[in-house]
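[1] build me a model:
(2 chains)
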There are 2 protein chains.
Amino acid sequence: MPYISTKGQQMPASPIRKLVPYADGAKKKGTKVYHLNIGQPDLETPKQFWDKLAHLDMKVLEYCPSNGFASYREKFSEYYNRLDIKVDPSNFIITNGGSEALLFTMMSCINEGEEVIIPEPMYANYISFATTSHITVKPISCSIENGFALPPIADFEKLITDKTKAILICNPNNPTGYLYSRDELEVLRGLALKYDLYLFVDEVYREFVYGDEKHFSALNLEGLDNNVVVIDSISKRFSACGARIGALVTRNQDILAAAMKFAQARLSPPSLGQIAGESLFDLGQDYYDGVKKEYQSRRDLMVSLLNNIPGVKCPTPGGAFYAVAQLPVDDADAFCQWMLESFSHNGATVMMAPASGFYSTKGSGRNEVRLAYVLNGNDLTAAMECLAQGIKEYQQKSANVINLKTQTV
Amino acid sequence: MPYISTKGQQMPASPIRKLVPYADGAKKKGTKVYHLNIGQPDLETPKQFWDKLAHLDMKVLEYCPSNGFASYREKFSEYYNRLDIKVDPSNFIITNGGSEALLFTMMSCINEGEEVIIPEPMYANYISFATTSHITVKPISCSIENGFALPPIADFEKLITDKTKAILICNPNNPTGYLYSRDELEVLRGLALKYDLYLFVDEVYREFVYGDEKHFSALNLEGLDNNVVVIDSISKRFSACGARIGALVTRNQDILAAAMKFAQARLSPPSLGQIAGESLFDLGQDYYDGVKKEYQSRRDLMVSLLNNIPGVKCPTPGGAFYAVAQLPVDDADAFCQWMLESFSHNGATVMMAPASGFYSTKGSGRNEVRLAYVLNGNDLTAAMECLAQGIKEYQQKSANVINLKTQTV
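    Next comes the predicted model:
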């Protein structure tokens, strides 16, 4: 029997999805599972999307152009222009979700063995896409103590070698929820220019910014047209994750030309998601305000309930809909699995993503989890109560094991 | 400005899509373009598909599982079982079109620098996916003289080295339309067992088989469960190219495990195409018979008209909806571009895919084109008349140039 590729072996399992079999097990036993492990919003996909699908006047579901329908890219660039970001439809390549946009970006810009610097904890699949492309991830540590802010410039400069090709951030951040300020982006601009680096910014959570904070797009950094690639998607913005419609946005013509060849090889992104999704760019500020208000109140609720649990620490995120919390457990991987396998409270349990998979540095984040506040207030409250109880029982159980060991000795 | 990756430079442009700007130019001048360049069927996507979309009772368009909806895989495996292919839903990973299935297969099974043997002419994007994965394509030449049949086993054995990891075929073939017989597949089985190779078979055109010929699936080769991966898709079978729903089918658990990690990294395949596509597996034999009848009559028409054009040679394909024809021109790339840029007949022209892009061997297939018979009989007749006239004018033009040169000398 022929062997599997080394890459196939090295690919990390998704920390977001690897516990799914245990969740399925819990559900089979009749336990309700609060899913805080995955950024799957519960908000309704806007009515316009479903209306469009209900009234399609089509006979053949054809391929679309490899870079997406022209009409979709037109609407998309109008949306960008309303955000005061100057782009036109030719700056977009529409992709199978933001995932493919990031993969095309990495493959177009970075050679095998070259390096990309990414603040950690980082979106776990960045590591997967780097593995796929034989690119080396150089993690730069962010600290829970200062809410996962951008590390000092000196830390970046220590990591830069002649193999460094790019810096990649997610803004606002998945998994930490940290919102990078304009000043922080200007620091990255300086680095990109000084060392001739690409700056890749995943801005899929652009609208999910709370309080008086404002999002600043990397596409508005001056003099960086040839360095910046922005990753975008309608998944979170319009609660349309299953549409699989993302985009790579750049003014660098060479990247567009290279990425277009990868795009042509896979023929085209999904047609239906674009056809129905196009209408969503007509949604007014009301829509975004409503979404923002809902998530802000969920954030406030979840973070305050988390910090009320003895031993739990969770900084308040400025954006996105995730938070990374430190738990009073040794090994969050084991704890998250135990919560699904062996625990329930009032017939329910909580599924979280162990943060270890969001770190490229082995051994980091072992007592941290990522929580996505994608449930309504009542469910979030019940989930946090469940988590508090789970931590208590887990600690008692661990103490018993230690006692037992002590007694045996 | 940072440089583009070597891979980004090396990726081949799609021979199927690279002439699109010239086609757009022709259309702008008001010329009708008969598209024989791309396998985009004109047949209607079955009514069931559109009905399902018109009556969705959904609120949130969620991610689906990374290997696809369980209900979709259930229906899909029932369809396989009806074809007497023994698989169950766990043998499938649903992908973004057949393209992603092939990419996952290559990445899961073959290391960088290892080799895959592919009969040429081959589907052009096989070369792209190999480039993406740093895999070396070892082409094995098929001859137009015997209708592009499988080359002798000795030719394969000459190519096998310690780096050879797989043989990849498309059956029935894109671009040649050649249908591999069971005997030919048994030859490949022997090779796979003797040299411990994977056998990847792209069977997306499985139902498009004409006359009394029968398709034999590689999944029914005995003792080859751990070697065979089949690539599938609903694009052609149900004229649903824009759905982007493909699949990787194998009984090899290691491949499934590795491919699942690539699948998890990109989260999920499109939900809508699966939800609407599921119903299509309920279509009865009538549907397939109707499609087959239509394509068979188109094949007969196109191939006979092609062979009537002086200097044109086109073997009769046994399946799929493509044919490779030899034209009386030196350089089919230049000729196909000229047809779009400088020629029209009765206000129309023909777009074809130059075959050079379907050969991995440089310089091969220079006087060949791939034609997809995806238009109705009237359009095909008009397109062939157009092509005949185009060849005539092109030959006269070339003769004039030669005369002119002779006179100048």
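[2] hey, let's count contacts and neighbours off CA atoms from now on
    OK.
[3] quick one: the residue of chain A found nearest chain B from A:S279, how far?
    Nearest residue of chain A to chain B: A:A54, at 3.8 Å (Cα to the nearest Cα). Distance, A:A54 to A:S279, using Cα to Cα, to the nearest Å: 13 Å.
[4] look at A:C336 and say how many residues are nearby.
    Per other Cα atoms under 10 Å in any protein chain shown, the neighbour tally for A:C336 reads 20.
[5] for A:F200, give me phi and psi.
    phi -100, psi 130 (degrees, to the nearest 10).
[6] specify the beta-bridge partners of it.
    For A:F200, the beta-bridge partners are A:L168, A:V229 (DSSP bridges).
[7] quick one, what contacts it?
    A:166-169, A:228-231 (Cα atoms under 8 Å, 6 or more residues apart in numbering or on different chains).
[8] reformat those as TSV; add pLDDT.
    Putting the contacts of A:F200 into TSV (pLDDT from 0 to 100) gives the following:
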residue	pLDDT
A:A166	97
A:I167	98
A:L168	98
A:I169	98
A:V228	98
A:V229	98
A:V230	98
A:I231	98
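[9] got the domain boundaries for chain A?
    Chain A breaks down into these domains under automatic domain parsing: A:6-44+A:285-408, A:47-282.
[10] and those, which one's lowest on average pLDDT?
    Least confidently modelled of these is domain A:6-44+A:285-408, at a mean of 93 by mean pLDDT.
[11] what's in contact with the helix or strand containing A:G246?
    Using DSSP states H and E, the element containing A:G246 is strand A:245-250. Here strand A:245-250 makes contact (Cα under 8 Å, 6+ apart) with A:91-102, A:105, A:219, A:225-226, A:228-235, A:256, A:269-270, A:273-274.
[12] list the buried residues in the next helix or strand after that strand.
    Remark: after strand A:245-250, the chain's next helix or strand is helix A:253-265, criterion DSSP H and E. Within helix A:253-265, the residues scored as buried using 16 or more other Cα atoms under 10 Å in any protein chain shown are A:254-265.
[13] what subset of these is also close to chain B?
    A:254-255, A:258-259, A:261-262, A:264-265 (Cα under 8 Å from any Cα of the partner chain).
[14] does A:V33 lie in a helix or a strand, and which?
    strand A:32-35.
[15] so A:F216 touches A:E184, yeah?
    No: here A:F216 lies out of contact with A:E184, judged by Cα atoms under 8 Å, at a distance of 10.1 Å.
[16] show me where chain A has strands.
    Assigned by DSSP state E, the strands in chain A fall at A:32-35, A:92-96, A:115-120, A:136-141, A:164-170, A:198-202, A:228-233, A:245-250, A:322-326, A:348-351, A:353-354, A:368-372.
[17] pull the residues that contact the fifth one.
    The one in question is strand A:164-170. Contacts of strand A:164-170 (Cα under 8 Å, 6+ apart): A:109-110, A:114-119, A:123, A:192, A:196-203, B:2.
[18] dump it to PDB, restricted to CA.
    This file holds the C-alpha atoms of strand A:164-170, laid out as PDB (Å, rounded to 0.1, in the frame of the first residue of the first chain):
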ATOM      1  CA  THR A 164      11.000  36.900   5.800                       C
ATOM      2  CA  LYS A 165       8.500  37.700   3.000                       C
ATOM      3  CA  ALA A 166       5.300  38.800   4.800                       C
ATOM      4  CA  ILE A 167       3.500  39.800   7.900                       C
ATOM      5  CA  LEU A 168       0.000  38.400   8.400                       C
ATOM      6  CA  ILE A 169      -2.600  39.800  10.800                       C
ATOM      7  CA  CYS A 170      -6.300  39.400  11.300                       C
END
